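**Student:** sequence unknown, structure follows:
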């Protein structure tokens with residue numbers, strides 16, 4: 001799932017396109033979802049909410065405990081140490 005909005009930086013849009021093409025070539029389906037909202041903050045929050053919901057739903061469907069995620073915990077620790 002690619003979370004998109006109208007003001008997404010053009011370089012990120014190109015990365016999305018390249019990644020989608022690579023996924024398609026590998027036989028993996030993906031969806032582009034447009035974030036909704038009247039302001040940048042609203043679009044960011046709706047995209048975050050949707051991403052969190054989909055992540056949680058997929059974890060439940062696949063019998064995976066959705067929290068904590070070791071890779072995210074590691075990234076958070078690394079970011080905290082870089083301050």
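**Tutor:** Received, thanks. Remember, it's a predicted structure, so these values are computed and weren't measured experimentally. Residues are numbered from 1 along each chain as shown.

**Student:** what comes up buried for the helix or strand residue 17 falls within?
**Tutor:** Assigning secondary structure by DSSP states H and E places residue 17 in helix 10-25. Residues of helix 10-25 classed as buried by neighbour count (16 or more other CB atoms under 10 Å): 16, 20. All C-beta atoms are positioned from the backbone trio N, CA, C, and that covers glycine.

**Student:** how far does the helix or strand following that helix sit from the chain's center?
**Tutor:** The helix or strand immediately downstream of helix 10-25 is strand 32-34, counting by DSSP H and E. Relative to the chain's own centre, strand 32-34 is displaced by 10 Å; criterion: CA atoms, centre = their mean, to the nearest Å.

**Student:** Sheet partners, orientation included, of strand 32-34?
**Tutor:** With DSSP bridges as the test, strand 32-34 is paired with strand 2-4 (parallel).

**Student:** Tell me where the model's unsure across the protein.
**Tutor:** 83 (pLDDT under 70).

**Student:** got a list of contacts for whichever helix in the chain runs longest?
**Tutor:** Secondary structure of the chain read by DSSP state H shows that its longest helix is helix 40-61. Residues from elsewhere that reach helix 40-61 (CB atoms under 8 Å, 6 or more residues apart in numbering): 1, 3, 5, 7, 33, 35, 36, 37, 64, 65, 66.
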